[in-house]
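> build me a model from this:
(2 chains)
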Protein chains: 2
Amino acid sequence: MLDIKALTFDVFGTVVDWRTSIIREGETFGRDKGLKIDWNAFALAWRGKYQPAMERVRAGDVPFTKLDVLHRQNLEEVLIEFGVDGLSEDDKQHLNDIWHRLQPWPDTVEGLNRLHRRFILATLSNGNVRLIVDMARNAGLPWDMVLGAEIAGHYKPQPEAYLNSAAVLDLAPSNCLMVAAHNSDLVAAAARGLRTAFVRRPGEYGPTQDFDQEAENDYDVVADDFLHLAAQLGC
Amino acid sequence: MLDIKALTFDVFGTVVDWRTSIIREGETFGRDKGLKIDWNAFALAWRGKYQPAMERVRAGDVPFTKLDVLHRQNLEEVLIEFGVDGLSEDDKQHLNDIWHRLQPWPDTVEGLNRLHRRFILATLSNGNVRLIVDMARNAGLPWDMVLGAEIAGHYKPQPEAYLNSAAVLDLAPSNCLMVAAHNSDLVAAAARGLRTAFVRRPGEYGPTQDFDQEAENDYDVVADDFLHLAAQLGC
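Predicted coordinates:
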């Protein structure tokens, strides 16, 4: 039987829809600036640099660096690749801060509020604290605590990210349910003793996404969205 | 002019009334167990061991230890001093967890909710994360983030506690307003560049308290309670 005290959440893709959020803000920004950009391609290219940037930190090539800084370094590269020139510092900061303003999936806020009545809710994201705090204030996400990479000093899927989060909550890993739309995250969490919940977000990368469509392992819970997750957990 | 983005709060005494909370729970517990104890004296004795216990950590005599553990060690001593014998492990855990269930001052919840509309609200307490999270869930305190001793690995008034909290929020210390009912906390925060707000809690230690009755330095804000603080900050 599960003895869950806290739910720990992956955020990008699981809680918020980063792709369409970037498209929406990008289109508005592009109109203002007279830019002709395929913002879907821009969002995917920017996100495509996410894992390689963190991998340099995980490998020890660079010291731990907040995701805001990695996002900004990646943005500079994507702007060059998309032939965008001459943006001001304020413009670049505005674009980088889109990650602080990502919008939740339609079921997210109601689902979290239902889950919050019974469980401690913490983020266990690679996003830095200020990014997650700003996002929560903007979108109304009822986190009890922001944990994950910046607090642990290690990016997922490194073990320290999961183990530190359970330790800060003063819980055994088996009292924590890791919630994610990504099989790799759940495999890493399970390897450290956390319980696992796969939530389907099949359109995270757009209609042609052909990975993470289904739970690929025997997780403790599999859910279609956060309302379905809440129902299965008795909330 | 102040350019405040986040308010960082001392918690014990400033946000919650630890003394009467311990008295109230202690009296109920004592009736159930048939104990004859002066719970006001018990609360003050328990709290009296707080600074000496942290001082052993600050001095490096013991490694960083969560406040829950220090509270428990102190509880064992106080129980002996008050002649209480034979409590079960569950009983002792129940008493130690009173700190997780401390009640807010009458103005706290409304004041924090007003301040929350405009400012990031973080705890900057010596309480460990789980203690502060449980307290917030129990009392309805709208923290965006739990910071302070456990996250910094240093107990206030060590500089790291203040500087780490600002850094995790990605703010300059001067963009953070430290809110406390204790002059010593504000002096230490100001020395690290934080802005300061003194909130009067003259009865924290009971009717005979003769210290921290008034702001003893030139703080940025002085308030009678959190509603008065909110009003002065335009909330």
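> so where do the helices sit in chain A?
A:18-33, A:39-48, A:50-58, A:67-81, A:89-96, A:108-116, A:129-139, A:149-152, A:159-168, A:183-191, A:226-232 (DSSP state H).
> so can I have JSON lines of these showing mean pLDDT, distance to chain B and mean neighbour count?
Every residue, glycine included, has its C-beta placed from N, CA and C. As requested, those are exported to JSON lines (pLDDT from 0 to 100; distance: least, C-beta to the nearest C-beta, whole Å; neighbours: other C-beta atoms under 10 Å in any protein chain shown):
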{"stretch": "helix A:18-33", "mean pLDDT": "98", "distance to chain B": "20", "mean neighbour count": "17"}
{"stretch": "helix A:39-48", "mean pLDDT": "98", "distance to chain B": "20", "mean neighbour count": "18"}
{"stretch": "helix A:50-58", "mean pLDDT": "97", "distance to chain B": "17", "mean neighbour count": "15"}
{"stretch": "helix A:67-81", "mean pLDDT": "98", "distance to chain B": "7", "mean neighbour count": "17"}
{"stretch": "helix A:89-96", "mean pLDDT": "98", "distance to chain B": "12", "mean neighbour count": "14"}
{"stretch": "helix A:108-116", "mean pLDDT": "98", "distance to chain B": "8", "mean neighbour count": "19"}
{"stretch": "helix A:129-139", "mean pLDDT": "98", "distance to chain B": "4", "mean neighbour count": "22"}
{"stretch": "helix A:149-152", "mean pLDDT": "98", "distance to chain B": "6", "mean neighbour count": "24"}
{"stretch": "helix A:159-168", "mean pLDDT": "98", "distance to chain B": "5", "mean neighbour count": "21"}
{"stretch": "helix A:183-191", "mean pLDDT": "98", "distance to chain B": "19", "mean neighbour count": "20"}
{"stretch": "helix A:226-232", "mean pLDDT": "98", "distance to chain B": "17", "mean neighbour count": "19"}
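> same list, those helices, but as CSV with distance to residue B:35 please.
Shown next, in CSV, are the helices of chain A (distance: least, C-beta to C-beta, whole Å):
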stretch, distance to residue B:35
helix A:18-33, 56
helix A:39-48, 60
helix A:50-58, 54
helix A:67-81, 52
helix A:89-96, 59
helix A:108-116, 36
helix A:129-139, 43
helix A:149-152, 40
helix A:159-168, 34
helix A:183-191, 44
helix A:226-232, 42
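> now for the ones you listed, which one comes closest to residue B:52?
helix A:159-168 (25.4 Å; C-beta to C-beta).
> buried residues in stretch A:167-186?
Residues A:167-171, A:173, A:175-183, A:185-186 are the ones in stretch A:167-186 that count as buried (16 or more other C-beta atoms under 10 Å in any protein chain shown).
> state the distance from residue A:87 to residue A:35.
Using C-beta to C-beta, to the nearest Å, residue A:87 is found at 9 Å from residue A:35.
> now swap in residue A:17 and tell me
From residue A:17 to residue A:35 the distance is 22 Å (C-beta to C-beta).
> before we move on, what about residue A:221?
Residue A:221 is 43 Å from residue A:35, by C-beta to C-beta.
> and residue A:198, what are its bridge partners?
Under the criterion DSSP bridges, residue A:198 forms beta bridges with residue A:180, residue A:222.
> ok, how many other residues are close to it?
25 (other C-beta atoms under 10 Å in any protein chain shown).
> list the contacts of it.
Applying C-beta atoms under 8 Å, 6 or more residues apart in numbering or on different chains, one finds that residue A:198 lies in contact with A:180, A:181, A:183, A:186, A:215, A:219, A:221, A:222, A:223.
> dump those residues to a markdown table, plus distance to residue B:92.
Formatted as a markdown table, those follow (distance: C-beta to C-beta, whole Å):
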| residue | distance to residue B:92 |
| --- | --- |
| A:180 | 38 |
| A:181 | 42 |
| A:183 | 43 |
| A:186 | 37 |
| A:215 | 43 |
| A:219 | 37 |
| A:221 | 35 |
| A:222 | 41 |
| A:223 | 39 |
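> looking at those residues, which one is closest to chain B?
residue A:180 (21.3 Å; C-beta to the nearest C-beta).
> the closest one against residue A:14, yeah?
Yes. Using C-beta atoms under 8 Å, residue A:180 makes contact with residue A:14 at a distance of 5.2 Å.
> what residues are shared contacts of these two?
residue A:199.
> now residue A:72: closest residue in space that isn't a chain neighbour?
Counting by C-beta to C-beta, 6 or more residues apart in numbering or on different chains, residue A:72 lies nearest to residue A:96, which is 5.0 Å off, once chain neighbours are set aside.
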